[in-house]
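Q: Sharing a model that was predicted from the sequence below.
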Amino acid sequence: QELTDMYFFVDGNLAFHQQNSQADFGSIELELEYGDHDVTVVATRSDGQQLTNGVLEVETLKPTFGFRERITILDTDDSFVLEITRITASLLVEINDEIPAGASFVRIQIADKYDDLSVSDFSGINGYAYTKDIPIDGMVGNTGVVLSIAMLCPQYLYAYSTDVNITIYNESGGVISHHAISDVPIKTNTKTRIFGDFFTPMSFSVMVNYDWDEGVDVW
């Protein structure tokens, strides 16, 4: 998915905003004073919404990649290649057994979810209890159905845990399956997978995939 906007912060202040319509997209020239500077880069695919008071909404600006580090300027000709990586996470719910007749939708409830990103320090802000209903009536008879929700960590590069409830309803609104999972780990640039048999009395598991590493060079 194409990245459309890049924001470059120096010492907490927005120094540059580029869009992919510019010929030099991804290349930044700035005059900085000698010494140490805290640099933050965020690259996103925007659907029209822009940075607002230092906050991006990840739900509408995904994929979202970034980089945050202190650099030292020693010479007027200093240059840096900054490799930005995905700063979002993914929560996957995989239903291994067959979707039964009459199943209508899955309700996924997450105790603590963050959609707003404070760009200056990559912190997730404005956490809230999140509920998403996903129709599955068109998937009756299927196995291995995977449902995905984009996530954001409240601290850059650190994991946090949240409780997740997964309830499957029939066409009349009755509950046909319910699972409550405590302390589900969510970490930047990783996929957390909840999987198992939801309609039969068998166990299910939580697995964290740390191999979701896609870097983008910005120079």
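A: That came through fine.
Q: Who are the contact partners of the residue most central in space within the chain?
A: When the chain is reduced to its mean C-alpha position, the nearest residue by C-alpha atoms, centre = their mean turns out to be residue 88, at 2.5 Å. Remark: with contacts taken as C-beta atoms under 8 Å, 6 or more residues apart in numbering, residue 88 is in contact with 58, 62, 63, 64, 150, 151, 152, 188, 189. Quick note: C-beta positions are derived from backbone N, CA and C, even for glycine.
Q: Considering those, which member attains the minimum pLDDT?
A: When it comes to pLDDT, residue 62 is the least confident member of the contacts of residue 88, at 70.
Q: thought residue 70 was touching residue 35?
A: No: with contact defined as C-beta atoms under 8 Å, residue 70 and residue 35 do not form a contacting pair (10.3 Å).
Q: residues in contact with stretch 147-158?
A: By C-beta under 8 Å, 6+ apart, the list of residues contacting stretch 147-158 reads 58-59, 62, 68, 87-95, 106, 108, 110, 113-117, 121-125, 127, 132, 134, 159-160, 186-188, 192.
Q: Just the buried ones from those residues?
A: Among the contacts of stretch 147-158, those that count as buried by neighbour count (16 or more other C-beta atoms under 10 Å) are 58, 62, 68, 87-91, 93-95, 106, 108, 110, 113-117, 122-124, 127, 160, 186-188, 192.
Q: thinking again about what came up before, and the contacts of residue 88, which is closest to residue 197?
A: Taking C-beta to C-beta as the measure, residue 151 is the one of the contacts of residue 88 closest to residue 197, at 24.1 Å.
Q: what are the bridge partners for the closest one, then?
A: When bridges are called by DSSP bridges, residue 151 pairs up with residue 89.
Q: again with residue 44
A: Assessed by DSSP bridges, residue 44 has beta-bridge partners residue 5, residue 64.
Q: so what's it up against?
A: Counting by C-beta under 8 Å, 6+ apart, residue 44 touches 3, 4, 5, 6, 7, 56, 61, 62, 63, 64, 65.
Q: ok, now residue 109?
A: Residue 109 makes contacts with 129, 130, 131, 164, 165, 166, 167, as judged by C-beta under 8 Å, 6+ apart.
Q: Closest one to residue 12 out of those, please.
A: Of all these, the one with the least separation from residue 12 (C-beta to C-beta) is residue 130, at 28.9 Å.
Q: The closest one and residue 113 touch, don't they?
A: Yes: proximity of residue 130 to residue 113 meets the contact threshold set by C-beta under 8 Å, at 3.8 Å.
Q: what about the nearest residue to residue 12 once chain neighbours are set aside, distance to residue 66?
A: In space, and not counting its chain neighbours, residue 12 is closest to residue 120: 4.9 Å by C-beta to C-beta, 6 or more residues apart in numbering. Distance check for residue 120 against residue 66: by C-beta to C-beta, to the nearest Å, it reads 11 Å.
Q: What subset of the contacts of residue 109 is buried?
A: In the contacts of residue 109, burial by neighbour count holds for 130, 164, 166, 167, counting by 16+ other C-beta under 10 Å.
Q: Redo these as JSON lines? Include distance to residue 143, secondary structure and pLDDT.
A: Compiled in JSON lines, the buried ones among the contacts of residue 109 are given as follows (distance: C-beta to C-beta, whole Å; DSSP: H, G, I helix; E, B strand; the rest coil; pLDDT from 0 to 100):
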{"residue": "130", "distance to residue 143": "27", "secondary structure": "strand", "pLDDT": "97"}
{"residue": "164", "distance to residue 143": "21", "secondary structure": "strand", "pLDDT": "95"}
{"residue": "166", "distance to residue 143": "17", "secondary structure": "strand", "pLDDT": "95"}
{"residue": "167", "distance to residue 143": "20", "secondary structure": "strand", "pLDDT": "96"}
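Q: Thank you, goodbye.
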